[in-house]
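K.L.:
sequence and predicted structure below; questions after.
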Amino acid sequence: MDDLDDHEENAQKEIDECHALKKHQELRIECSSTESFLIRLDEGTAEIFGAELHRGVSINVAGQKLAVFTWQGCKIHVKGKKPESMYIVSETPMISYMNAHTILNNKRKAALDSGKRGPHCIFLGPTDCGKSTMSRMFCNWAVRSGWEPMVVDLDVGQGSISAPGCVAATPIESPVDIEEGYPLEMPLVYFLGHATPSDNPELYKFLVDRLAGLLQRRAEADPKAAASGLIINTLGWIEGLGYELQIHSILSLKADNIFVLEQDRLYSQVSAEFKDKKEVEVIKLIKSGGVVKREKEDRRQSREQRIHDYFYGTASNPLVPVTQTARADQLMVYRIGGGPRAPSSTLPIGAQSVADPLRLTNLPASAELSQSLLAVSHAPSADQILSTNIAGFILVKDVDAARGTVTYLSPSPGNLPGRYLVTGSIRSSLN
Ligand SMILES: Nc1ncnc2c1ncn2[C@@H]1O[C@H](COP(=O)(O)OP(=O)(O)OP(=O)(O)O)[C@@H](O)[C@H]1O
């Protein structure tokens, strides 16, 4: 009973306090998805995952786990609901991370001088080892040094650039906003449709290859973008087929600076894989003690939050989606994969017909689509859906079979930016 009382008292508690951090110290704060609080830099300099805090400006942090790090020392003011946990540490791997960043910057400079492409960095490691955080931090540091790297997110489970279920890339020209995350103006997005590539690994590889091809063309047209290079965040699936997919991504995106976090075994496996390729460097990085482990339910919630933010925006930048109704027979909904690869009559006796992972099937709009996230393709014709990136998403709210209508949530009113819709297995209970 005492524990419960303590817990309830904590849950109510408001804080309004100042923390003095010495050089190279980090204030780690973990708050649950329902909590939010304000952080303000009062003195000195500080950054959150590579993005500088501006003195006297409060930022609103909601449902995040983060670290305020200082290279010189600072005073930080924290105000709001008492976070689940808040503590200061002196030992962090930040200096080793900064050293790695300095080496990358030298490579970028050499690339620009010689008209070649800069480093293609990829972060590998199991789930919850800090890959997304490192990608963001290295991206922010690169931008602060004057580069314009392309961030690539291959982690379909979370989706830090777009909604979950996508492989995506976006150019970064200014530090990533602490409250908002990556900018959504110019992302290049391909829709896998599933929160894990195990649901369609062939399609995942196909889409990574498409993305790689487009990024290559962008780099060929822009020497600064080419020299700035890529920063690639990956899946936390590193065993068996997951490992194969990671190697495929490395080769497809021509990653040549492979950072391995946490696992010696993975480091040695990847080092052996590339031992004959002189141009590829495999570098081991220490995992930060601040990285927070998330349970399956936390991941599901964070996926749901990403979908919520796509339609409704964030506290600091709210959006107003619209609910629209269309005739079901006007919506061209397609599913990728699942159809037969070849008729069994054409296969040798005893052989199984394997489902074609890249087959497109036109689906009638049925109740099955309720609460499904549908990608709106830019494809000009149905046969180009696979190879075309997407414009955005709608969320199906209701399919009325009797009336033949579909009601959906859309980010903006009016016609959809494309005729063809792609469905997968991503659903949301969003209203
Ligand atoms: N130094 C730190 N202090 C506090 N929190 C941190 C720190 N570093 C990372 N985190 C938090 O830990 C959580 C997990 O980190 P991150 O998302 O980078 O891991 P990941 O390896 O990308 O995970 P996944 O493979 O599941 O996507 C995030 O909520 C992140 O904000």
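P.N.:
Cool, got the structure. A quick note: this is a predicted structure, and the numbers were derived from the prediction, not measured.
K.L.:
which SSE is Ala100 in?
P.N.:
Counting by DSSP states H and E, the element that carries Ala100 is helix 94-114.
K.L.:
quick one: is that helix near the ligand?
P.N.:
No - Helix 94-114 is not in contact with the ligand by CB under 6 Å from any ligand atom; minimum separation 8.6 Å. Glycine gets a C-beta too; all of them are placed from N, C-alpha and C.
K.L.:
what does that helix rub up against?
P.N.:
24, 26, 69, 116-119, 121, 134, 137-138, 141-142, 145, 147, 223-224, 226-229, 257, 259, 283, 285-286, 288 (CB atoms under 8 Å, 6 or more residues apart in numbering).
K.L.:
which ones are touching the residue lying closest to Gln371 once chain neighbours are set aside?
P.N.:
Computed as CB to CB, 6 or more residues apart in numbering, the closest residue to Gln371 that is not its neighbour in sequence is Arg427, at 4.6 Å. Neighbour list for Arg427: Gln371, Ser372, Leu373 [criterion: CB under 8 Å, 6+ apart].
K.L.:
roughly how far does Arg427 sit from Ile307?
P.N.:
To Ile307, Arg427 is 9 Å away according to CB to CB, to the nearest Å.
K.L.:
which residues do these two both contact?
P.N.:
Counting by CB under 8 Å, 6+ apart, the residues touching both Arg427 and Ile307 are Leu373.
K.L.:
what about Gly73, how many residues nearby?
P.N.:
15 (other CB atoms under 10 Å).
K.L.:
around the ligand, which positions in the stretch 251-400 of the chain sit nearby?
P.N.:
Taking CB under 6 Å from any ligand atom as the contact definition, the stretch 251-400 of the chain meets the ligand at Ser288, Gly290, Val291, Val292.
K.L.:
where does the first one land on pLDDT?
P.N.:
I take that to be Ser288. Predicted confidence (pLDDT) for Ser288: 95.
K.L.:
give the contact list for it.
P.N.:
Ala67, Thr92, Pro93, Met94, Gly130, Thr133.
K.L.:
so the nearest residue to the second one once chain neighbours are set aside bridges to which residues?
P.N.:
In other words, Thr92. Nearest residue to Thr92, sequence neighbours excluded (CB to CB, 6+ apart): Glu26, at 5.0 Å. For Glu26, the beta-bridge partners are Phe69, Val89 (DSSP bridges).
K.L.:
Glu26 is in contact with Pro93, isn't it?
P.N.:
No - at 10.2 Å, Glu26 does not count as touching Pro93 under the criterion of CB atoms under 8 Å.
K.L.:
quick check: neighbours shared by those two?
P.N.:
Joint contacts of Glu26 and Pro93 (CB under 8 Å, 6+ apart) do not exist.
K.L.:
in this protein, which residue sits nearest the ligand?
P.N.:
In the chain, the residue that lies nearest the ligand is Gly290 (2.5 Å; CB to the nearest ligand atom).
K.L.:
quick check: Pro318 vs Gln301, distance?
P.N.:
On the measure of CB to CB, Pro318 and Gln301 end up 20 Å apart.
K.L.:
again, but for Leu319
P.N.:
20 Å.
K.L.:
got the residues of the stretch 101-250 of the chain near the ligand?
P.N.:
So the stretch 101-250 of the chain meets the ligand at Gly125, Thr127, Asp128, Cys129, Gly130, Lys131, Ser132, Thr133, Asp155, Gln158, Gly236 (CB under 6 Å from any ligand atom).
K.L.:
restricted to strands, list those residues.
P.N.:
Among these, no member is found in strands (DSSP state E).
K.L.:
show me what stretch 400-409 is in contact with.
P.N.:
With CB under 8 Å, 6+ apart as the criterion, stretch 400-409 contacts 311, 321-329, 331, 365-367, 369, 374, 394-399, 430.
K.L.:
just the buried members of these?
P.N.:
311, 321, 324, 326, 328, 331, 365, 369, 374, 394-397, 399, 430 (16 or more other CB atoms under 10 Å).
K.L.:
what's the closest non-adjacent residue to Pro83?
P.N.:
Closest to Pro83 by CB to CB, 6+ apart is Cys31, at 4.1 Å.
K.L.:
quick one: contacts for that neighbour?
P.N.:
Counting by CB under 8 Å, 6+ apart, the residues that Cys31 touches are Phe37, Val61, Ala62, Gly63, Gln64, Lys65, Lys81, Pro83, Glu84.
K.L.:
contacting the ligand as well, which ones from these?
P.N.:
Lys65.
K.L.:
farthest pair within the contacts of Cys31?
P.N.:
Using CB to CB, the two most remote members of the contacts of Cys31 are Lys65 and Lys81, lying 14.6 Å apart.
K.L.:
please name the nearest non-neighbouring residue to Asp199.
P.N.:
Ser425 (6.3 Å).
K.L.:
count of neighbours near the one you found?
P.N.:
If we define neighbours as other CB under 10 Å, then Ser425 has 15 of them.
K.L.:
give me the pLDDT value at the residue nearest the centre of the chain.
P.N.:
Geometric centre of the chain, nearest residue: Ser160, 2.5 Å, by CA atoms, centre = their mean. Listed pLDDT for Ser160 reads 88.
K.L.:
again with Asp6
P.N.:
Asp6 is given a pLDDT of 50.
K.L.:
cool, and Ala328?
P.N.:
On the pLDDT scale, Ala328 gets 88.
K.L.:
centre of the chain to stretch 223-242, how far?
P.N.:
Distance of stretch 223-242 from its chain centroid, counting by CA atoms, centre = their mean, to the nearest Å, is 11 Å.
K.L.:
please apply the same query to stretch 56-64.
P.N.:
What separates the centre of stretch 56-64 from the centre of its chain is 21 Å, taken as CA atoms, centre = their mean.
K.L.:
and the contacts of that stretch?
P.N.:
So stretch 56-64 is contacted by 29, 31-42, 53, 77, 79, 178-179, 305, 314-316 (CB under 8 Å, 6+ apart).
K.L.:
now those residues: which count as buried?
P.N.:
The buried subset of the contacts of stretch 56-64 - by 16+ other CB under 10 Å - is 29, 31-32, 35-37, 39-41, 53, 77, 178, 305, 314.
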